[in-house]
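>>> Here's my sequence, what's the structure:
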Amino acid sequence: MQLLNGKLSASDKCNTRQNRLTVFPMRTVIITNCTNRKRLDGLPPVVLNDECYSSIEAMAQAWKGQIDERPATLMASSLYVGRSVSDARRVATKLDAKLMFASTGLGLIEGDQRCPPYNLTVAQDPNSIIPRLEKLGVRASDWWEAVNVTQSKGSALADLVSQPDIDLVLIALSSNYVQLIGEDLGKIRDTQIDKLRIFTSRPGIEMLPSHLRRIAMPYDERLETSTLPGTRNDFPQRALRHFIEILELSSAPAEIARKSVSAAMDLLSLAKTTIRRRASDSEIAYMLECVWADYQGSSTRLLRYLRDDALVSCEQSRFRRIWQDIKGQDSIESKA
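Predicted coordinates:
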């Protein structure tokens, strides 16, 4: 296989077209993770009640009761915001594919399903469900099963992949969400595995059931020197975009796709590492307050200032919490 400027050669495209003829019309599904950032539409989000639950099933049922009490105001594709979602949506549009989300709070849902605003995640966050699960002695994958059962979905992913009219399932997930759905992925029958292409970080690949690692596309940090640089949070979705838009591999068999991605990565170099120092919440808040007016309170521009100019390391969810505190104070002072 040869790559020309990061794309398949003419002969390989010809071979890919021949493969494509055996599977068209192809029905493609794209699954991406939900995001901490949500469009709340002016409504307070649902948060899990601070109670002691006797079992994970009881907690899942209680959560479902809270969700059902609230109006479903937005489609999932509009509820979740951020680059990871916009990149997944872009690929879905290009392939005329169905967009779905792996949601901590709602299980496996379609992009056009209406949902209430909520805050529940498996990522490091004040609304993370992980501490609750640890108290019950269960895993994130147990919660995935429990929350899907409340929605009458059972083994949601395995059941989806087994549908005969689905030919390709492109899964772009952060490592936290690979951990969430890992057991469900492991239930996919061997005869169905070649339908899958998985995009995640190297830690995410290591979390996959061992027999599924061969259909994980070998993207790595060299993607940052491609035409699609970004953050760790949106790495899987950028890899998906690169796979579809740059390499044009939607119809390539899994092994050919893996070799093509490896060859594309070999054409790139590692980005220079910027050393950023650690800082306390109060120090970061002070720095942001000093330049707040200069950047008109823009969260995007202030985060770039912090990382690129001040060279301070700050994870996105931590930054957002500090930024929201300052914004709230600024709003109060403006009204005074």
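
>>> what sits up against the helix or strand harbouring I109?
Element membership for I109, per DSSP states H and E: strand 107-110. Here strand 107-110 makes contact (C-beta atoms under 8 Å, 6 or more residues apart in numbering) with 31, 76, 98-103, 115, 144, 147-148, 150-151, 153, 156-157, 160. C-beta here means a position set from N, CA and C on the backbone, and glycine is covered the same way.

>>> That strand pairs with which strands?
Strands that pair with strand 107-110, judged by DSSP bridges, come out as strand 98-103 (antiparallel).

>>> just to revisit the earlier point, whichever of the contacts of strand 107-110 end up buried, select them in PyMOL.
To isolate the buried members of those in PyMOL, using 16 or more other C-beta atoms under 10 Å:
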select buried, resi 31+76+98+99+100+101+102+103+115+144+147+148+150+153+156+157+160
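
>>> now the closest residue in space to R307 that isn't next to it in sequence: how far from N49?
Take R307 and drop its neighbours on the chain: the residue closest to it by C-beta to C-beta, 6 or more residues apart in numbering is R276, 6.5 Å away. Here R276 is placed at a distance of 38 Å from N49 (C-beta to C-beta, to the nearest Å).

>>> of those two, who's got more company?
Neighbour count, other C-beta atoms under 10 Å: between R276 and N49, R276 has more, with 14 against 11.

>>> does that one really touch S313, like I thought?
Yes: between R276 and S313 a contact is recorded at 3.9 Å, counting by C-beta atoms under 8 Å.

>>> Can you show me the helices along the stretch 51-200 of the chain?
Assigned by DSSP state H, counting those that start in this stretch, the helices in the stretch 51-200 of the chain fall at 56-68, 76-79, 83-95, 130-136, 140-150, 156-161, 175-186.

>>> Nearest to S282, out of those helices?
helix 130-136 (24.2 Å; C-beta to C-beta).

>>> what residues are up against I198?
Applying C-beta under 8 Å, 6+ apart, one finds that I198 lies in contact with 171-173, 205, 208, 212, 215-217.

>>> Look up the residues forming beta bridges with it.
Beta-bridge partners recorded for I198 (DSSP bridges): I171, A216.

>>> on that earlier part again, tell me which residues of the strand holding I109 are tucked away?
Buried, per 16+ other C-beta under 10 Å, within strand 107-110: 107-109.

>>> And for stretch 217-232?
217, 219-220, 223-224, 226, 228, 230.
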